[in-house]
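Engineer: Provided below are the primary sequence and the corresponding predicted coordinates.
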Amino acid sequence: MGEFTIRTMHRSDIPDVVSIENAVYATPWSPRVFFDELAMENRRYLVVENARSIVGFGGLLVVDRDAHITTVAIAPESRGKRLGVRLMLSLVNAALAAEAKHLTLEVRVSNTPAQGLYERFGFQPVGRRKNYYQDEDALVMWATDIDTPEYAARIAELRASVEEGMS
C-alpha cells in the first residue's frame, strides 16, 4: 500500500485521468473539462499514483466556506486497496486548507459502496437531484462543521485505520 502517493494533478496527467474516467463513469468528462477545471483558481485536483501510472483522482471546488467534491474515481484494477479512503482524506485536507466549514457531493443513488465510504467521512444524505445523471438520480450528501475537534477526531481515526492497514 505504501507504494501509492497522492499529489496535485497536472495538465500532463489528463490523458491518464480521462482513461480512468472513461473506465468508471457512464457519462465521462472530456479532456477539455479537466483542462478547464485545472485552470480555475478555486479548484483542487489530486491524483493517486504508483511507480507505473495514475490509478485514481479526485476534485474539489471551494466557494466561500463550502467545498464541493466534484469527482472521485479509482481505476477498477486498483480498488480494494483503501485508495478511496486515502484520496478522501487528502480531499478533506484540501478543503480544510481552503478554510471550508462544510463538504458536499452528489453520488448515484445506486452507488451504495461510495455512499458507505462517504458516510465514514460524516456525510449524510440531505436530498435527491432528479435526473442529475443521464440515467439516474443523485443523492446529495453533506458533511457539516468539518472545522471542529469532533470532525478532526473522526479524520484522525480514519487516517489511523488506513495506516494500520499499510503495516
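Structural biologist: Looks like it arrived, so ask away. Numbers count the residues shown, from 1 in each chain.
Engineer: Only C-alpha atoms from now on, for both contacts and neighbour counts.
Structural biologist: Noted.
Engineer: Give me the residues contacting stretch 37-49.
Structural biologist: 4-11, 54-63, 83, 87, 91, 94 (Cα atoms under 8 Å, 6 or more residues apart in numbering).
Engineer: at 7 Å what do you get?
Structural biologist: 4-9, 54-62 (Cα atoms under 7 Å, 6 or more residues apart in numbering).
Engineer: ok, of the residues you listed, which come out buried?
Structural biologist: In these, burial by neighbour count holds for 4, 6, 9, 54-62, counting by 16 or more other Cα atoms under 10 Å.
Engineer: List the buried residues for the strand or helix carrying residue 32?
Structural biologist: Assigned by DSSP states H and E, residue 32 belongs to helix 31-39. Residues of helix 31-39 classed as buried: 31, 34, 37-38 (neighbour count, 16+ other Cα under 10 Å).
Engineer: And for stretch 128-142?
Structural biologist: Under the neighbour-count criterion of 16+ other Cα under 10 Å, stretch 128-142 has 128, 137-142 buried.
Engineer: Strands - which of the residues you listed land there?
Structural biologist: Among those, the ones falling in strands (DSSP state E) are 128, 137-142.
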